[in-house]
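Enquirer: with the sequence up front, the predicted model follows.
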Amino acid sequence: MSDPTPAPADDAREDVHEPGAAPAPWDEVAAALVAAFEGAVFHDSHGQPVVYVAPARLAHVATFLRDEQQFTTCLDVTAVDHLLDGERLVVAGVEPERFEVVANFLSHLRNRRIRVIAEVPAADPTVPSLTPIYPGVSYAEREVYDLLGIVFEGHPDLTRILMPDDWSGHPLRKDDAPARVPVTFKGDPGPRVGRVAE
Amino acid sequence: MPLDAIPYNFLTGRLEDVVRWARRNSVFPATFGLACCALEMMATGAAHYDLARYGMEIFRASPRQADLMFVAGRVSQKMAPVLRQVYDQMVEPKWVISMGVCASSGGMFNNYAIVQGVDQIVPVDVYVPGCPPGPETLMHGILALHEQIRTGELLKRRQASPTGGAGIEIAQRDGAPAPSLTASTRA
Amino acid sequence: MSDVWEEVERLGRQTDEGAQELRPRSELVVTGGPWPEGEGEGEGETMIINMGPQHPSTHGVLRVMMELDGETVVRAKPVIGYLHTGMEKTAEQLTYVQGSTNVTRMDYASPIANELVFSTAVERLLDVEVPPRAVWARMLLAELSRMASHLLFQASNGMDIGAVSMMLYGWREREETLRVLEMITGLRMNHNFVRPGGIAADLPDGWQRAVLELCEIVERGIDDYDTLLTSNPIWVERTVGVGVITTEQALALGISGPILRSTGFPWDLRKAQPYLAYDQVDFDVIYTENGDCFDRYRIRLGEIAESIKIVRQCVDMMPAGDYRTQDKKVTPPPRARINESMEALIHHFKLFTEGFRVPAGETYVSVESPRGEIGCYLVSDGTGKPVRMHIRGPSFYNLQSMEPMMEGRLVADAVAVISSVDPILGEVDR
């Protein structure tokens, strides 16, 4: 049994860790992405290829991956709220924004993965939907919309999926729902959290 | 009629005791599996632990045929109205076992999504601790409930609730109104 | 069974030659939300019925809305969220040490897979190497967990389709598996045993004997199921040709695990992208060609046998040594040191109250859970708690396969389809 994807050559990976220099993508898919899309930035995240792209280009990138690079499946779409970060991962050439939309792609045929990240500003949390390209991310995009309030333009039915329909707010945002709520026990004079604080 | 004219053996007893005895030995649980605890509830009903020993092996799919609801798992804000509706569909007399810490107090999931204790929605008779409670623990809870049924009042719940269990405003056992779900948990 | 990679290469060649045969089909659009009133195919003869969220055959709290034309399902739409637990929010409040307590409660039928994927993600961010004994013990536990999960599937699948005695048979063997897991981890479910840096404790004395006995019991059990179901005419009638899905549909919808393998695509992360020590053990990837409910039942039955094979090899090849990394940053000092050293006590206390700090970064790690690819996307900001911990639950994506599987079939088949997808709602809703 042979591994269909040869591991990247060691000498190709070394220049990634050179400080200051723009890292050359050792991953062939990432290299193709960086070459095809202006402004795309490659990042080596613990040995995994990651490409940062502009949010407006996300659908184009997905189309490119599907049609040109045989990426059969979009595994997952999720998002991160960086509002309260202590220390943030710095990637040269990427302007950090509050939200990050993260899409993981897998090519079954070439047995490789790639991750595409788009920095989404808090003022306009809108990205194009990937559902026309990969229908399987429909639930995932609805979940991101529900929990983080990021709007996927072109999604056929962007509604709440996990929270009740009448819920207000997007609970995974750092400034939304409290992570801890007071617990009342029967016959208790007040919430447990409040009494401990006194 | 002289007693020796009766051709069968018989026992005498108070009607209430007979009713309690019958109720205790044929509690039909509703299938209300929510999360991890549902698996342990199924394990209790399966061959190793054999809930049939207590006349409880028939889990009724329809709440209208059930006497006992196991709230087996965490109750989310979205599930809470459904849970209440299922409870309302059960006919009196009915009992509730809150299985596991998530159902009893929210457990480790102290956050926006989980109802912090199912007793905010339905009156609970027995709380079973554990995460999830093993079948032995659940059985201990069931036996505690059997003891409550054996010694309890026949018509307690009906007296406590003006609407006889079908309405929404069922007071808690101690007479205090159930705290509003929205007021206490949604900040 | 032919080599997996021959199959993958065959499919790959097809794609190269025949105009992107495996390209995801974009006309498969999964929709959600409320349906418009009065809309329906035909002459307004369709009816919308609601199944769940409290229904005995929906595996917990799944709700399915079905539009029926007579007894035929025209459209089906799963409605989820009834078990939404906010675990991803809770994960942001817990340290990395506490994190696996949280994730283990997601896919509660196979908790080890969740702990494994979370712990591996943390280790990757920390650049910590796990000692060989921990690797093999994790693999042993993961396979025991897979066995327990698939045995649960056999029990519930049998009951849903009408073979109620399967419920008792399946639980009979699952109970033995849980007993062994309890012996090793201390808990029947939600073990919290695989932790960042290794496993929580060493394997107990006599584990080999218990595990080998279990293998024999389960082997006898799956022979029983095979006799009971595989050639049972009622079973075949209820499952063969029901809920068919093709490889293209499955890939387009992001489906993984036994459902993908039932379509003739032998994709298993344990073989394709080996983690732990799966490249050092001998096992086969079970796959079938038809993509129906019967095939998914057969695959899971076969996977139990493969898991037994792996477990036996784990018993033979289990290396000696540490069961967790000796990196002082991650691992608490041993109990004996705490009794004699103040510093060890402080270290222990700090580790369990504040946890360890993880350098800023992000990573995605995936493993093969019994339901498919479970992934963990972890973002850290240099503190003791993650910024974001997202789990890609295989059931969440697999649920989307219900629509193409159910549409055009009878209502009675819907139950068989739900059961054969084997969703665990704790992982769907998280």
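Expert: Nice, I can see it. Nothing here was measured: the structure is a model prediction, and the numbers come from that model.
Enquirer: find the centremost residue of the chain, please.
Expert: As the question left the chain open, I've gone with chain A. Closest to where the C-alpha atoms of chain A average out (Cα atoms, centre = their mean) is residue A:102, at 1.2 Å.
Enquirer: right idea, wrong chain: chain B
Expert: Per Cα atoms, centre = their mean, the C-alpha nearest to the average position across chain B is that of residue B:96, at 2.0 Å.
Enquirer: give the next helix or strand downstream of whatever helix or strand that residue lives in.
Expert: Per DSSP states H and E, residue B:96 falls inside strand B:95-99. Using DSSP H and E, the helix or strand that directly follows strand B:95-99 along the chain is helix B:100-105.
Enquirer: what is the rounded mean pLDDT of that following helix?
Expert: The average pLDDT for helix B:100-105 rounds to 88.
Enquirer: list the helices and strands it packs on?
Expert: If contacts are counted by 3 or more Cβ pairs under 8 Å, 6 or more residues apart in numbering or on different chains; DSSP states H and E, helix B:100-105 sits against helix B:36-45, strand B:68-72, strand B:126-128. (Glycine included, C-beta is placed from N, CA and C.)
Enquirer: which one of those is the most hemmed in?
Expert: strand B:68-72 (a mean of 27; mean count of other Cβ atoms under 10 Å in any protein chain shown).
Enquirer: off-centre distance for the very next helix or strand once past that one?
Expert: The element immediately downstream of strand B:68-72 (helix or strand, assigned by DSSP H and E) is helix B:80-89. Relative to its parent chain, helix B:80-89 has a centroid offset of 13 Å by Cα atoms, centre = their mean, to the nearest Å.
Enquirer: and the end-to-end length of stretch A:131-146?
Expert: End-to-end distance for stretch A:131-146, by Cα to Cα, to the nearest Å: 16 Å.
Enquirer: what about it, near chain B?
Expert: No: on the criterion Cβ under 8 Å from any Cβ of the partner chain, stretch A:131-146 is out of touch with chain B, staying 11.3 Å away.
Enquirer: what distance separates that stretch from the centre of its chain?
Expert: Centroid separation for stretch A:131-146 versus its chain: 12 Å, with Cα atoms, centre = their mean.
Enquirer: give me the pLDDT for residue A:10.
Expert: Per-residue confidence (pLDDT) for residue A:10: 43.
Enquirer: wait, what's in contact with residue B:148?
Expert: Residue B:148 makes contact with B:95, B:125-126, according to Cβ atoms under 8 Å, 6 or more residues apart in numbering or on different chains.
Enquirer: quick check, the residue in chain A closest to chain C?
Expert: Chain A approaches chain C most closely through residue A:136 (3.1 Å), counting by Cβ to the nearest Cβ.
Enquirer: got a pLDDT number for the nearest residue in space to that residue that is not next to it in sequence?
Expert: Using Cβ to Cβ, 6 or more residues apart in numbering or on different chains and skipping residues adjacent in sequence, the residue nearest residue A:136 is residue C:254, 3.1 Å away. pLDDT, residue C:254: 88.
Enquirer: ok, residue C:254 - how many residues close by?
Expert: A total of 33 residues lie near residue C:254 under the criterion other Cβ atoms under 10 Å in any protein chain shown.
Enquirer: again, but for residue C:79
Expert: Residue C:79: 19 surrounding residues under other Cβ under 10 Å.
Enquirer: quick one: contacts for the closest residue to chain A within the stretch 251-400 of chain C?
Expert: Among the residues of the stretch 251-400 of chain C, residue C:254 lies closest to chain A, at 3.1 Å counting by Cβ to the nearest Cβ. Shown in contact with residue C:254 (Cβ under 8 Å, 6+ apart): A:73-76, A:134, A:136-137, C:397, C:400.
Enquirer: do that again at 10 Å, thanks
Expert: Residue C:254 sits next to A:72-77, A:104, A:106, A:134-140, C:24, C:30, C:260, C:372-373, C:392, C:394, C:396-398, C:400-401 when contact means Cβ atoms under 10 Å, 6 or more residues apart in numbering or on different chains.
Enquirer: do residue B:102 as well
Expert: Residues in contact with residue B:102 (Cβ under 10 Å, 6+ apart) are B:34-37, B:71-75, B:108-109, B:114-118, B:131-132, C:85, C:105.
Enquirer: any idea how far it is from residue B:118?
Expert: Distance, residue B:102 to residue B:118, by Cβ to Cβ, to the nearest Å: 9 Å.
Enquirer: joint contacts of the two?
Expert: Jointly contacting residue B:102 and residue B:118 under the rule Cβ under 10 Å, 6+ apart are B:34, B:71, B:73-75.
Enquirer: out of those, which is most surrounded?
Expert: For the shared contacts of residue B:102 and residue B:118, the largest number of neighbours (other Cβ under 10 Å) sits with residue B:73, at 32 neighbours.
Enquirer: surely that one touches residue B:132?
Expert: Yes: applying Cβ atoms under 10 Å as the test, residue B:73 and residue B:132 come out as touching, 8.0 Å apart.
Enquirer: still on that earlier bit, distance to chain A and pLDDT added to the shared contacts of residue B:102 and residue B:118, as CSV?
Expert: Formatted as CSV, the shared contacts of residue B:102 and residue B:118 follow (distance: Cβ to the nearest Cβ, whole Å; pLDDT from 0 to 100):
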residue, distance to chain A, pLDDT
B:34, 15, 85
B:71, 15, 89
B:73, 16, 87
B:74, 14, 88
B:75, 13, 89
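Enquirer: those helices in the stretch 201-350 of chain C, which residues are they?
Expert: Using DSSP state H, counting those that start in this stretch, the helices of the stretch 201-350 of chain C run over C:207-225, C:233-239, C:247-252, C:258-261, C:269-272, C:293-317, C:335-340, C:342-353.
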